[in-house]
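# Okay, here's the prediction I keep looking at, along with the sequence it came from:
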Amino acid sequence: MALLACTVGGCEASPRISTTIVVPPGISVSVEQLHLEVATGSDPKFVPKYHAQPVESFKQTSDGIQIVFLPRFGRETYTYARVWIDVDRNGVPSKGDLDGELSPAPFRAVSNKLNQAPDIVTKPKE
């Protein structure tokens, strides 16, 4: 099966994207509170269809959290990303939770390297 995957899909490493999610001062975030959704395409003009995306790594920083995720396989990908942080831990987006989007988007990532995306700045939901 591994041979078939290399033959059909190529053997490139997946693009990896790193970004800092900036949160307001005084707010601490756990990985369980973070909800990341991405949409990817091979053309920068694709229509985004978001899906939940696991986070490969999660690290607290002085202004938020640094994450790394793998959006899809291929040599390059264009990625939209948005986050929702469940501040009140009630399991649903609600007033006071934080949200933000990667901007400018889509972000172009290439394989065989860690691609540094702009920060995702969050703000409280109204």
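Yep, that arrived. Numbering: from 1, shown residues only.
# can you map out the strands along this protein?
Using DSSP state E, the strands of the chain run over 16-22, 34-41, 51-52, 57-61, 64-69, 76-85, 98-101, 107-110, 114-116, 120-121, 123-124.
# Quick check: the residue nearest the centre of the chain vs Asn90, distance?
When the chain is reduced to its mean C-alpha position, the nearest residue by C-alpha atoms, centre = their mean turns out to be Ala81, at 4.9 Å. For Ala81, the distance to Asn90 equals 23 Å [C-beta to C-beta, to the nearest Å]. Placement of C-beta: from N, CA and C, glycine included.
# how far away is the residue nearest to the centre of the chain from Glu32?
19 Å.
# Also Ala109?
Distance from Ala109 to Glu32, counting by C-beta to C-beta: 26 Å.
# the more surrounded of those two?
With neighbours defined as other C-beta atoms under 10 Å, Ala109 and Glu32 compare such that Ala109 has more, 25 against 8.
# What are the neighbouring residues in contact with the more buried one?
15-17, 71, 76-79, 115, 117 (C-beta atoms under 8 Å, 6 or more residues apart in numbering).
# So which of these is the closest to Ser57?
When the contacts of Ala109 are ranked by distance to Ser57 (C-beta to C-beta), Arg16 comes first, at 9.4 Å.
# so the closest one bridges to which residues?
Leu114 (DSSP bridges).
# Poorly predicted segments of the chain, please.
1-12, 73 (pLDDT under 70).
# Let's see that with 80 instead.
The model of the chain has pLDDT under 80 over residues 1-14, 72-74.
# OK, contacts around Gln33?
Contacts of Gln33 (C-beta under 8 Å, 6+ apart): 85-87, 89.
# Show me which of those is closest to Lys95.
Closest to Lys95, out of all of the contacts of Gln33 and judged by C-beta to C-beta, is Val87, at 9.9 Å.
# Quick check: that closest one touching Asp97?
Yes - Val87 is within contact range of Asp97, at 4.9 Å (criterion: C-beta atoms under 8 Å).
# anything in contact with each of these two?
Contacts common to Val87 and Asp97, judged by C-beta under 8 Å, 6+ apart, are Pro124.
# circling back: for the contacts of Gln33, which ChimeraX command selects only the ones that are buried?
Filtering those down to the buried ones (16 or more other C-beta atoms under 10 Å) takes a single ChimeraX command:
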select :85,86,87
